[in-house]
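Novice: fold the following for me, if possible:
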Amino acid sequence: MVLKILSVAGARSSLIKVSAICEAIKKINSRFQEEQVKHLLVQVQADPDRNRSDLFNDLELPKPDICLQINSASHSIELAKSMELLEPIFLTERPHIVLTFGNSNDSLACALVTKKIWCEGDRQAEPFIPKLAHGEAGLRTFDRTLPEEINGIVTDSISDYLFTNEESANRNLVRQGVSNDRVFFVGNVLIDTLVRCHSEAHRSTILQDLQLANGAEVKPYSILSLQRPADDSRVLSQILQALLDVSKRTPIIFPAHAETLNRIQKERLTDYFVDHFIQDPEPWDERVRIRLIPHLGYLDFLHLMSNAKVVFTDSGGIQDETTMLGVPCITLSDRTNRPVTLERGTNVLVGWHPEKIITEFNQAYRKNKSQPKRSPRYWDGNAAQRIVKVLLDDFYSQRSLDRRGWGIGPAPEEQSETVFVHRPHKGESSPSPRRRWR
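Specialist: Presented below is the predicted three-dimensional model:
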C-alpha cells in the first residue's frame, strides 16, 4: 500500500520547505522498485504579484499538481475561499496525510478542511478522516492580536503530527495542552534547503551585478527585507530615517515586491530610495539612499545574504537563515517566535525605534562575521527526512505491515556535521525524533 501525502503551500517560505519534503520523498522512492510515497502539491496563491517561478527553477521543485488563485482580501474572506476550494480537492484525492507548514491563512484553511471531511476508502473500505501534519508547530509570539498567532494555536490544537523546529516550540505545545505523543522534534526544514543549495548559490553573479564585489573582494553592504511594511506610515518613515542614517556607512540593498513599491509611492516615501539599476548610482558615491532592486530568486538572495555585513528584516525565516549563516540580523519588531535565534546571539530585536536600530547596527558592523557557537539542535539538513520517516513508520504500523529500512538519512543521535553545523558540546545527548516533553 502506498502512503499518499498531500502538501498545501502558499507562502514563499512554505514552498521552500516543501521542496525539502519533495527531496526526501524522491530519495526514498528511488530505493524501491515500487513507489512508497505518492506526493501531491497544492499551491494556494493570494498575492499574484509575487511570482514564485524562481523557486521552482532554483530548487528544482516539481510544478504544483493543483494551483489555486485566491484574490487578496480580508483574513476571513481568504480563509473561507481557501476552504471552499480545498475541500473538493481533498475529497477527490483522498490523501492519507495532509501536510502544511507555518501559520498563514492557507495553513489554517488546510487544517480545518482536513479535520472536517470524510474521504471514501478504496475497495469498499470504511470512510476515513485524513491525518493532519503541521510543520513548524509550536512557534509563538504570545501576541494574540496577530492573525498568524491565532492560526498557529488553532492548527496545533487539531493536528495529528506536530513537527517542531526548536525546543521552545516543544515547551509551548506542552503549555497548550497538546498530547506529547503527537509532538516530534525534527529540526528546521527551511535549513534543509539552505544546506542543499548553499554551494550552488556561490555561483550566483548577484554581487558583481550590484557592483558589490571586485574579484574575490566583497565590499561591505547590508540588506533590507520587509515582508510586512508597517501599517502606520509614521512607524515606517521612522524605520527608513534610521536606515538612511545607516546607509551613510554602507549601502543597503532592498529587494522589493510590487506591493511594497506601491506602498512606498502611496506613502510618498520615495525620497528614501534610489533605484539601483535605473538611476545607476555608484555603490560608494555621496548620494546615500536605500537601493531598490527587483525581487531576487532564491539562489541570488541566499548568496547576497551569505556575504552581507548586516541583515534588517521582519521575516522569521530570514532570522533562521542568518542564524545558520552566522550573519548578524536586526529584526524590526519587538517580538519573535524564533527565540533560539536570540539565544545564539546572531539576532537582536529593535522594534521600530530609530536609536536602537542605529546602535545595534554600529555594534554589528564592528564585528567580523562569525558562525554561532553551535547551530541549533537538528538544524543539520535532515529535518525533512525525519518527517517522512515518522509518517511512513506510523502509516505502516497502523496497517500491521512490515516496517522497512527507509534509508533516508541518519537518526538524530547519528547525525553528521555539515558545513554550517557545529557538533554538540561534549557529553550532550541527542534524543530521538519522538520525545516526551511532560
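Novice: how's this protein carved up into domains?
Specialist: Following automatic domain parsing, one gets these domains for the chain: 3-188+378-414, 207-366.
Novice: mind putting those into JSON lines with mean pLDDT and distance to residue 200?
Specialist: From N, CA and C alone the C-beta is placed, and that goes for glycine too. Shown next, in JSON lines, are the domains of the chain (pLDDT from 0 to 100; distance: least, CB to CB, whole Å):
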{"stretch": "domain 3-188+378-414", "mean pLDDT": "90", "distance to residue 200": "8"}
{"stretch": "domain 207-366", "mean pLDDT": "88", "distance to residue 200": "6"}
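Novice: export those domains as TSV, with columns for mean neighbour count.
Specialist: Below are the domains of the chain laid out as TSV (neighbours: other CB atoms under 10 Å):
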stretch	mean neighbour count
domain 3-188+378-414	19
domain 207-366	18
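Novice: out of these, which is closest to residue 194?
Specialist: domain 207-366 (5.8 Å; CB to CB).
Novice: picking that back up, in CSV, list the domains of the chain along with distance to residue 201.
Specialist: Below are these laid out as CSV (distance: least, CB to CB, whole Å):
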stretch, distance to residue 201
domain 3-188+378-414, 9
domain 207-366, 4
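Novice: contacting residues around stretch 116-126?
Specialist: Stretch 116-126 has contacts (CB atoms under 8 Å, 6 or more residues apart in numbering) with 87, 90, 91, 94, 95, 127, 128, 129, 130.
Novice: can you get me the centre-to-centre distance for the helix or strand where residue 77 lies and its chain?
Specialist: Per DSSP states H and E, residue 77 falls inside helix 75-93. The chain centroid and the centroid of helix 75-93 are separated by 23 Å, computed with CA atoms, centre = their mean, to the nearest Å.
Novice: can I get it as PDB, trimmed to CA atoms?
Specialist: Backbone C-alpha positions of helix 75-93 (Å, rounded to 0.1, in the frame of the first residue of the first chain) are rendered in PDB as follows:
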ATOM      1  CA  HIS A  75      -8.400  37.300   6.600                       C
ATOM      2  CA  SER A  76     -11.900  35.900   7.000                       C
ATOM      3  CA  ILE A  77     -12.700  36.000   3.300                       C
ATOM      4  CA  GLU A  78      -9.300  34.500   2.300                       C
ATOM      5  CA  LEU A  79      -9.800  31.700   4.800                       C
ATOM      6  CA  ALA A  80     -13.400  30.900   3.700                       C
ATOM      7  CA  LYS A  81     -12.400  30.900   0.000                       C
ATOM      8  CA  SER A  82      -9.400  28.700   0.600                       C
ATOM      9  CA  MET A  83     -11.600  26.200   2.500                       C
ATOM     10  CA  GLU A  84     -14.200  26.200  -0.300                       C
ATOM     11  CA  LEU A  85     -11.600  25.400  -2.900                       C
ATOM     12  CA  LEU A  86      -9.600  22.900  -0.900                       C
ATOM     13  CA  GLU A  87     -12.500  20.700   0.200                       C
ATOM     14  CA  PRO A  88     -13.400  19.200  -3.200                       C
ATOM     15  CA  ILE A  89      -9.700  18.500  -3.900                       C
ATOM     16  CA  PHE A  90      -9.300  16.600  -0.600                       C
ATOM     17  CA  LEU A  91     -12.400  14.600  -1.300                       C
ATOM     18  CA  THR A  92     -11.300  13.700  -4.800                       C
ATOM     19  CA  GLU A  93      -7.600  12.900  -4.000                       C
END
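Novice: now do it: which elements does it pack against?
Specialist: Secondary structure elements in contact with helix 75-93, counted by 3 or more CB pairs under 8 Å, 6 or more residues apart in numbering; DSSP states H and E, are strand 3-9, strand 37-45, strand 66-69, helix 105-114.
Novice: gap between the last one and the chain center?
Specialist: I take that to be helix 105-114. 18 Å.
Novice: between it and helix 75-93, how many degrees?
Specialist: 50 degrees (axes from the mean of the first three to the mean of the last three CA atoms, to 10 degrees).
Novice: if we can go back for a sec, for the contacts of stretch 116-126, which one is nearest residue 324?
Specialist: Looking across the contacts of stretch 116-126 and measuring by CB to CB, the closest to residue 324 is residue 95, at 31.3 Å.
Novice: before we move on, back to that, what's in contact with the helix holding residue 77?
Specialist: 4, 6, 8, 40, 42, 44, 46, 66, 68, 70-73, 98, 105-106, 108-110, 112-114, 117, 119-120, 130, 147.
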